[in-house]
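# Take this sequence and fold it.
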Amino acid sequence: MSSTPTSRMTRRGFTLAALAGVTLAAGCGNGVGNSNAAKIDARVDATLSQMYTMFPNTRDLAEKSTGMLVMPLMTRAGFGLGGAFGRGALRVNGATVDYYSSVKGSAGFQIGAQQYAHVLFFMTDDALASFRHSSGWAAGADLVYVLNDRGESMAADTNTLRSPILAAVFGQAGVFAGASLEGAKYTRIIP
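Down below sits the predicted model:
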């Protein structure tokens, strides 16, 4: 059976259209052409505004920090086993330089759900560089909290300001005791 010029063009056109569709679908899956980054940035701006209004002393921390990771909405739920997830942005000198997701798993007696925001203040260049160059940075027990899990201000004295990373947890909604960041893992993403 011989192919006519029209059938060759149709097959060629179909092949090109299929390749373009695969490329477009792959681009959408990688965040190309969507508005997720703009949504995250808007939430980060709103979270920082809320934090500065509720806790004015955090503005001084922000000015002294070399960078801030702002996670505007962490959602935590558990019934025996639990977990938390959220997305946010790393800001250096007021500009977003990377986007991150955070996940945390937990086990033990727990029941409930909670939403909260948190900000990590990187107080040294080394702490910021270590965070940015890790393939999956995990928050440890060495974090110093300047706001506790009830949003109450804690002392930010000279010793606190010498800590490489400070954390503020605030804006809780829901019922779940203890919004600790210990064990949370942060991974760079393309939103």
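
# any idea how the chain splits into domains?
Annotated domains of the chain cover 1-34, 35-189 [automatic domain parsing].

# and these, which one is worst for confidence?
Of all the domains of the chain, domain 1-34 carries the lowest average pLDDT, namely a mean of 45.

# strands paired with the biggest strand by length in the chain, and their directions?
Identified as the longest strand of the chain according to DSSP state E is strand 95-122. As defined by DSSP bridges, the strand partners of strand 95-122 come to strand 67-92 (antiparallel), strand 165-175 (antiparallel), strand 185-189 (antiparallel).

# and Asp41, how many neighbours?
Close neighbours of Asp41, defined as other Cβ atoms under 10 Å, add up to 19. Every C-beta, even on glycine, is put in place using the N, C-alpha and C of the backbone.

# swap in Thr75?
Neighbour tally, Thr75, other Cβ under 10 Å: 14.

# Show me what the closest residue to Asp98 other than its chain neighbours bridges to in the sheet.
In space, and not counting its chain neighbours, Asp98 is closest to Leu90: 4.5 Å by Cβ to Cβ, 6 or more residues apart in numbering. Taking DSSP bridges as the rule, Leu90 bridges to Leu69, Asp98.

# okay but Pro191 is in contact with Arg87, surely?
Yes. The criterion here is Cβ atoms under 8 Å, and Pro191 meets it with Arg87 at 6.7 Å.

# so what sits against both of these two?
Counting by Cβ atoms under 8 Å, 6 or more residues apart in numbering, the shared contacts of Pro191 and Arg87 are 40, 99.

# hmm, back to that, can you put the strands paired with strand 95-122 in TSV and add distance to Leu120?
Listed next are those as TSV, based on distance: least, Cβ to Cβ, whole Å:
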stretch	distance to Leu120
strand 67-92	4
strand 165-175	6
strand 185-189	8
